[in-house]
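**Q** Build me a model:
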Amino acid sequence: MSSELTLGIQGMTCASCVRRVERSLKKVPGVVDASVNLATEEARVRADPNAFKTDTMVAAVKNAGYEPDVATRTFSVGGMTCASCVSRVERALRRLPGVVEANVNLATEKASVTFLPKTATPAQIVAAVERAGYSAVEDRAEQAEAGADKHGEIRALRRNL
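**A** The predicted structure is shown next:
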């Protein structure tokens, strides 16, 4: 059984770039197949979930000279009482396809999750935490800040155009 992940990739300009990224991805342990599309700037990767790590795939794209599309969000996690709870939440998050990294802090009751936005969504991250037996919500302040940054970026692009 294999799982499929979609990874956005920035910086590709030609067919040679596509081949370079595909070769790099196919060398990652656990990758069954990789297909890169220049027009959509995406890679579709089929991988064995038991032998594959998303962070290794992201590093392979970076080492090939391109920028993988990853997002980092912070979630408030409720119901944790000890280090064992932290470990349980981190394991649940890291098992979710598309999660690159997950760090949970018991004192602040926060989880910082880096993920592939074309594969995993904040809703899936919340659901994974809830399946592990805890409550979770995405921090709204961070969402508003990200929205403001995107709005500013769009204004700058329009101005430059």
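
**Q** Let me know the pLDDT of the residue nearest to residue 116 when sequence neighbours are not counted.
**A** Residue nearest to residue 116 in three dimensions, not counting chain neighbours: residue 98, with 4.2 Å by CB to CB, 6 or more residues apart in numbering. Quick note: C-beta positions are derived from backbone N, CA and C, even for glycine. As predicted, residue 98 sits at a pLDDT of 94.

**Q** what does residue 158 give?
**A** With respect to pLDDT, residue 158 has a value of 77.

**Q** what number of residues lie near it?
**A** A count of neighbours around residue 158, defined by other CB atoms under 10 Å, yields 8.

**Q** do the same with residue 132
**A** Residues near residue 132, counting by other CB under 10 Å: 19.

**Q** and the residue nearest to residue 116, what does it touch?
**A** 5, 54, 115, 116, 118, 119, 120, 124 (CB atoms under 8 Å, 6 or more residues apart in numbering).

**Q** Looking at those residues, which is nearest residue 154?
**A** residue 118 (19.9 Å; CB to CB).
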